[in-house]
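Trainee: Structure, please.
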Amino acid sequence: MKNFVVKTIANAGALAVAVWLLDKITLTGSGTGRKIATLLVVALLFGLVNFLVKPIVKVLTFPLFILTLGLITLVVNALMLLLTSWLAGKLDLSFHVEGFWTAVLGGLIVSIVSWALHVVLPDDKD
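Mentor: Numbering: from 1, shown residues only. From the prediction side, this is the model:
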């Protein structure tokens with residue numbers, strides 16, 4: 001359970017950095033508390049999308065992983081971020097990613113920051 005909470009916080013932090021760095025990834029809300037709550041819900045949604053959908057997409061695009069030497073990962077991460085944005089819109093959350101190339105850059109930022117936060121944050125696998 002602690003590992004799940006740490007991963008969710010890392011995802012929320014990574015998404016916050018992407019929102020902060022990129023103008024076309026937006027998080028709107030009336031106050032800081034509401035924005036933090038929205039970020040946490042979006043991070044849960046992002047984790048769910050990565051847990052359920054990403055493995056299926058990776059299996060279906062496996063030949064492209066080999067052909068592009070793994071660079072297709074950027075596209076897959078962008079699609080997962082766009083799917084999260086779409087689902088957030090359906091759930092009336094104030095998180096939006098505008099455009100594919102913004103999602104590619106956002107996915108790259110989220111991956112790097114998430115990796116860095118996972119290194120820093122404690123990870124007990126009890």
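Trainee: From here on, just use CA atoms for contacts and neighbour counts.
Mentor: Will do.
Trainee: Now stretch 19-31: buried residues?
Mentor: V19, K24, I25, T26, L27 (16 or more other Cα atoms under 10 Å).
Trainee: Which positions within the lowest-mean-pLDDT helix or strand in the chain qualify as buried?
Mentor: Taking mean pLDDT, DSSP states H and E as the measure, the chain has helix 2-21 as its least confident helix or strand, at a mean of 89. Residues of helix 2-21 classed as buried by neighbour count (16+ other Cα under 10 Å): 6-19.
Trainee: would you turn the residues you listed into a markdown table with distance to S94?
Mentor: Shown next, in a markdown table, are the buried residues of helix 2-21 (distance: Cα to Cα, whole Å):
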| residue | distance to S94 |
| --- | --- |
| V6 | 23 |
| K7 | 21 |
| T8 | 18 |
| I9 | 18 |
| A10 | 19 |
| N11 | 17 |
| A12 | 14 |
| G13 | 16 |
| A14 | 17 |
| L15 | 13 |
| A16 | 13 |
| V17 | 16 |
| A18 | 15 |
| V19 | 12 |
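Trainee: from the residues you listed, which single one is nearest T32?
Mentor: A16 (12.0 Å; Cα to Cα).
Trainee: what's the nearest residue to the closest one if we skip its chain neighbours?
Mentor: Leaving aside its sequence neighbours, A16 sits nearest to L39 (Cα to Cα, 6 or more residues apart in numbering; 7.2 Å).
Trainee: which ones are touching that neighbour?
Mentor: Neighbouring residues of L39 by Cα atoms under 8 Å, 6 or more residues apart in numbering: A12, L15, A16, F95.
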